[in-house]
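[1] Structure, please.
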Amino acid sequence: MQLVRPLLLVFLIGFVACKTDKKNEEQPAGIETSILEKVAHAHGFENWKNIKEIRFTFNVDRDSTHFERSWIWKPKTNEVTSISGNDTLVYNRKQMDSVALKVNAGFINDRYWLLAPFNLLWDNNNFEYEHVEEAIAPISSKPMQKLTIVYGNEGGYTPGDAYDFYLDENYLIREWVFRKGNQAEPSMTTTWENYQEINV
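    Sure thing, here's the model as predicted:
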């Protein structure tokens, strides 16, 4: 099996950066934190409300081919700027024409890969999940927690897709597997690494 590792560097600069030093926030008595919440908060989800703008570039290198597209997203107003090659498009996700709808499919994909831990909360009504306390991670062969999510077969841009997240003891994603259409074999396997904290 060949492993493909797209450059998710922007993720490391952008949002894991919002992670705080609080390892386990106190929950009110009687309220259990779900695994989805633990993963999202380990990646700084509580800081999302402070984000006014995020800029990121999605890079893919396969063999001798390089592809990239850049985005500027203002989540409070839902304004998105798409930059791909010499083309730039500014649109609002609340009012999209046919051109914006096509470009928005790329934005949703790239945003998903950038903010996968946050999508666990944003999308939690659109997928089923299973959490296993110990499984062998596919790249490092280390024992880790495994969280598998499988999207429903209807709606969205990629219905039925599945993701296996391999988590450390602090609920940080260390490796993940994307499985198109919930097939058994991985479509892509890669690491998440070089986490950084940035004050926002």
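[2] Backbone dihedrals for the residue nearest the centre of the chain, please?
    Most central in the chain under CA atoms, centre = their mean is Ala116, positioned 1.7 Å from the mean C-alpha point. Phi and psi for Ala116, reported as degrees, to the nearest 10, are phi -50, psi -40.
[3] ok, now which ones touch it?
    Tyr163, Phe165, Ile173, Trp176 (CB atoms under 8 Å, 6 or more residues apart in numbering). Using the backbone N, CA and C atoms, a C-beta is placed for each residue, glycine as well.
[4] Kindly reformat those residues as a markdown table containing pLDDT and distance to Ser98.
    Listed next are the contacts of Ala116 as a markdown table, based on pLDDT from 0 to 100; distance: CB to CB, whole Å:
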| residue | pLDDT | distance to Ser98 |
| --- | --- | --- |
| Tyr163 | 97 | 29 |
| Phe165 | 99 | 34 |
| Ile173 | 98 | 35 |
| Trp176 | 97 | 33 |
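[5] Pick out the most distant pair among those.
    Tyr163 and Ile173 (9.8 Å; CB to CB).
[6] that older thread, return the subset of the contacts of Ala116 lying in strands.
    In this view, the contacts of Ala116 that belong to strands under DSSP state E are Tyr163, Phe165, Ile173, Trp176.
[7] Would you mind confirming that the last one makes contact with Phe165?
    Spelled out, it's Trp176. Yes. With contact defined as CB atoms under 8 Å, Trp176 reaches Phe165; the gap is 5.1 Å.
[8] Columns distance to Thr189 and neighbour count on top of the ones in strands among the contacts of Ala116, output as a markdown table?
    Shown next, in a markdown table, are the ones in strands among the contacts of Ala116 (distance: CB to CB, whole Å; neighbours: other CB atoms under 10 Å):
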| residue | distance to Thr189 | neighbour count |
| --- | --- | --- |
| Tyr163 | 11 | 22 |
| Phe165 | 12 | 25 |
| Ile173 | 13 | 24 |
| Trp176 | 7 | 24 |
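[9] so which of the contacts of Ala116 comes closest to Leu147?
    When the contacts of Ala116 are compared against Leu147 (criterion: CB to CB), the nearest one is Phe165, at 4.4 Å.
[10] Do I have it right that that closest one meets Val39?
    Yes. Counting by CB under 8 Å, Phe165 touches Val39, with 7.0 Å between them.
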